[in-house]
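**Student:** What follows is a predicted structure for the sequence shown.
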Amino acid sequence: MTKPSTKPGPQAGPGPLASPPALARGQGVALWRQIAGTLESEIAGGSLEPGTRLPTEAELTARFGVNRHTVRRAMEELESRGLVRVEQGRGSFVAEDVLDYPLGPRTRFSETIRRQNREPQGRILRIEETVADSTIAELLKLRRGKPVVVAERLGLVDGRPVVVGAHWFSVERFPRIAALLAEDASVTKALSQLGVPEYRRLVTRITARMPTPEEAVLLEQARSRPVLVTESVNVDGAGAPVEASIARYAAGRMQIVVES
């Protein structure tokens with residue numbers, strides 16, 4: 001997919017668009033297909049730029065002289081093809097180019113985003129101490145039931161959410177991790193302050209699924225769009241696990257690139 005060359009951001013709705021060609025009724029081409037084709041042409045021609053909020057369903061209904069069901073079907077077609085994204089509670093927008101997110105031995109969210117001339121941001125959603133279940137215990141090489149800190153973090157690019165990640169740490173090894181992450185959302189910075197200036201990705205498993213209602217809200221995406229899920233473990237120079245994480249990426253905005 002084409003990499004973005006500029007920083008996209010939500011823009012105001014489009015200015016007046018040219019009057020659409022009259023829909024060919026009774027010619028064997030569904031009206032919703034004609035509407036989708038018209039909007040696609042306006043996107044391709046630059047009349048509707050990436051990040052632009054599209055007219056509302058009511059406005060499109062009036063513009064094309066059709067019912068809401070017809071407009072809705074056209075928008076569903078554009079969304080399924082990745083030309084339009086829907087943000088719950090905000091409306092529909094022209095989709096931006098998908099951002100590459102390389103996964104390699106040394107993966108750092110902020111560094112990766114800045115290398116693409118975009119602005120990263122992290123926001124801690126919750127931090128709590130709990131006990132390791134069988135999955136987390138295996139990833140961190142702990143006994144099941146050992147105390148761990150879990151920090152859930154929202155990652156944004158240019159102000160738009162792209163990933164929700166849950167990060168687990170051993171309380172015995174990092175008793176101050178919760179306090180440090182509460183002050184600054186950077187996992188790299190917190191681990192550096194705790195004596196782990198460098199760490200590397202040991203393993204990553206990638207799957208895909210539909211988002212939960214909470215994930216759809218946090219990522220501001222429709223529940224009909226999938227998320228990419230990565231389960232990973234980071235280790236220190238001696239090979240000891242320092243962090244286990246499960247991240248959910250908005251598949252319509254990020255594509256994962258596996259690097260050797």
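**Tutor:** Okay, I see it. Being a predicted model, the structure only gives us computed values, none of them experimental.
**Student:** Spell out the residue ranges of the strands in the stretch 1-150 of the chain.
**Tutor:** 84-87, 91-94, 99-103, 120-131, 147-157 (DSSP state E, counting those that start in this stretch).
**Student:** By mean pLDDT, show me the worst of the ones you listed.
**Tutor:** Per-stretch mean pLDDT for the strands of the stretch 1-150 of the chain is lowest at strand 84-87 (a mean of 80).
**Student:** Could you give the number of residues near Thr181?
**Tutor:** I think there's a mix-up here, since residue 181 is Leu and not Thr. 23 (other Cβ atoms under 10 Å). The C-beta positions use only the backbone N, C-alpha and C, and glycine is treated the same way.
**Student:** Show which residues not belonging to the helix or strand where it lies make contact with it.
**Tutor:** When elements are assigned from DSSP states H and E, Leu181 belongs to helix 177-183. By Cβ atoms under 8 Å, 6 or more residues apart in numbering, the surrounding residues in contact with helix 177-183 are 124, 127, 129, 149, 151, 169, 171, 187, 189-191, 193-194.
**Student:** now the helices: where do they sit in the stretch 151-260 of the chain?
**Tutor:** For the stretch 151-260 of the chain, the helices defined by DSSP state H, counting those that start in this stretch occupy 177-183, 187-193, 213-219.
**Student:** Same list (the strands of the stretch 1-150 of the chain) but as TSV, adding mean neighbour count and distance to Val203.
**Tutor:** Converted to TSV, the strands of the stretch 1-150 of the chain look like this (neighbours: other Cβ atoms under 10 Å; distance: least, Cβ to Cβ, whole Å):
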stretch	mean neighbour count	distance to Val203
strand 84-87	21	31
strand 91-94	20	36
strand 99-103	18	11
strand 120-131	14	23
strand 147-157	20	18
